[in-house]
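# From the sequence below, what's the structure:
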Amino acid sequence: MSSRAASFVVQCNGQEATADDLAPLAFAGYAHFTAIQVREGRIRGLDLHLERLRVASVELFGRALPDDQIQFYLRAALEVGPPDLSLLATVYSPAGEFTVAGSDVEPVLLVRTGPAASGPKGPLALALVNYERVLPAVKHVGEVAKTYFLRQAVDQGFDDAAFVDRQGRLSEGSIWNLAFWDGTAVVWPAAEMLLGTTMGIVRRQLDRIGVPQRIQEITLDDLPALAGAVVMNSWTPGVPVHRIGTVPLPEAPSFLDALHRAYQAEPLVSP
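Okay, the predicted model is just below:
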């Protein structure tokens, strides 16, 4: 094993994970996670990641690990890795799936690190898919539909998929948040969705640098009047989208620049 490979870890509550540790998660799908890009050993939007894990744990398990305990486990993984890496922090119950574990069962934090990533350059074409996630506000595991619809989209000549709810509103992508541009303001879709940590970072920094933004319902019929679109996730604050379904979207370099400037304005902090 190379020294680089050895620097990445899979840890359970701050210790090297064993097969027994992983079994409740490997054979179950009742868990949630957050994805983080670490740069220089530090994290953008750490508060948003901690909030995501805390809120989702209460929703799924009835209790949450303290923030300082999670930060301790994150530090344990970062201390043995390179300064730039990708990190997945997954919370699950040792009681496993299909059980009615009470709030007295403490959740477990699994941390996996790997090479740093920055996402595709784009521009992307997104297939339209009628789909609504269960518990959309929770970033939970075991979502077979997202990978299924991604693969279906690629088979149809697209790069990925965008979801439309039963009201005809665009909500999110397979692993992405959507954002649009009307020529002067950033437009966030109004629908049930996961509020991404990168989305949270960008929104608060756009406010700080004075870029207008608003939330509104966006349907397929609204797309021709828009001046640009992107997808974003933990990899990147913006990948341009040039087509959604059959509707072309113009290039919007000033939009993309504003999103990346906002993201870079967010300070890196140590856990």
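
# what are the ranges of the helices in the chain?
Assigned by DSSP state H, the helices in the chain fall at 3-6, 19-26, 46-61, 67-78, 144-155, 197-209, 253-265.

# List the buried residues of stretch 155-162.
Burial within stretch 155-162, assessed by neighbour count using 16 or more other Cβ atoms under 10 Å, is assigned to 158-162. No exception for glycine: its C-beta is placed from N, CA and C like everyone else's.

# Sorry, slip of the keys, the one I care about is stretch 243-252.
243-245, 249, 252.

# Tell me how the protein divides into domains.
3-115, 124-269 (automatic domain parsing).

# shaky segments in the stretch 1-150 of the chain?
Per-residue confidence for the stretch 1-150 of the chain (pLDDT under 70) gives these ranges: 1-6, 101-102.

# Swap in 90 and give it another go.
1-7, 20-29, 93-105, 142-143 (pLDDT under 90).

# and Leu124, what are its bridge partners?
Using DSSP bridges, the beta-bridge partners of Leu124 come out as Val241.

# Tell me if I'm right that it and Met232 touch.
No. Contact criterion Cβ atoms under 8 Å: Leu124 and Met232 do not qualify, at 11.6 Å.

# list residues touching both of the two?
Val239 (Cβ atoms under 8 Å, 6 or more residues apart in numbering).

# Contacts only, for Ala89.
Listed by Cβ under 8 Å, 6+ apart, the contact set of Ala89 reads 33-34, 36, 49, 53, 70, 73-74, 109-111.

# Repeat the analysis, applying 6 Å as the threshold.
Contact analysis of Ala89 by Cβ atoms under 6 Å, 6 or more residues apart in numbering lists 34, 111.

# again with Leu223
244, 247.

# how much space is there between it and Leu268?
Plainly put, Leu223 is 35 Å away from Leu268 if you go by Cβ to Cβ, to the nearest Å.

# Next: Gly238.
Gly238 is 19 Å from Leu268, by Cβ to Cβ.

# Which one of the two is surrounded by more residues?
Remark: of Gly238 and Leu268, Gly238 carries more neighbours, 24 against 14, as counted by other Cβ atoms under 10 Å.

# Just confirm the more buried one contacts Ser254, I think it does.
No. The pair Gly238 / Ser254 is not scored as a contact, 11.5 Å apart, by Cβ atoms under 6 Å.

# Dump the helices of the chain to JSON lines, plus distance to Val100.
Below are those laid out as JSON lines (distance: least, Cβ to Cβ, whole Å):
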{"stretch": "helix 3-6", "distance to Val100": "40"}
{"stretch": "helix 19-26", "distance to Val100": "15"}
{"stretch": "helix 46-61", "distance to Val100": "11"}
{"stretch": "helix 67-78", "distance to Val100": "25"}
{"stretch": "helix 144-155", "distance to Val100": "24"}
{"stretch": "helix 197-209", "distance to Val100": "31"}
{"stretch": "helix 253-265", "distance to Val100": "41"}
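
# Relative to Asn177, which of those helices is closest?
helix 197-209 (4.6 Å; Cβ to Cβ).

# Quick one: residues in contact with the closest one.
Against helix 197-209 from outside (Cβ under 6 Å, 6+ apart): 44-45, 48-49, 177, 213, 232, 234, 237, 259, 262-263, 265-266.

# Enumerate the positions of it that are buried.
Using 16+ other Cβ under 10 Å as the test for burial, helix 197-209 gives 197-203, 205-206.

# tilt between it and helix 253-265?
100 degrees (axes from the mean of the first three to the mean of the last three Cα atoms, to 10 degrees).

# what is the rounded mean pLDDT of helix 197-209?
Here helix 197-209 scores 98 as its mean pLDDT.

# again with stretch 239-256
Stretch 239-256 shows a mean pLDDT of 97.

# Put together JSON lines for the buried residues of helix 197-209, with distance to Ala117 on each row.
Output for the buried residues of helix 197-209, formatted as JSON lines (distance: Cβ to Cβ, whole Å):
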{"residue": "Thr197", "distance to Ala117": "15"}
{"residue": "Thr198", "distance to Ala117": "13"}
{"residue": "Met199", "distance to Ala117": "18"}
{"residue": "Gly200", "distance to Ala117": "19"}
{"residue": "Ile201", "distance to Ala117": "17"}
{"residue": "Val202", "distance to Ala117": "18"}
{"residue": "Arg203", "distance to Ala117": "22"}
{"residue": "Gln205", "distance to Ala117": "21"}
{"residue": "Leu206", "distance to Ala117": "24"}
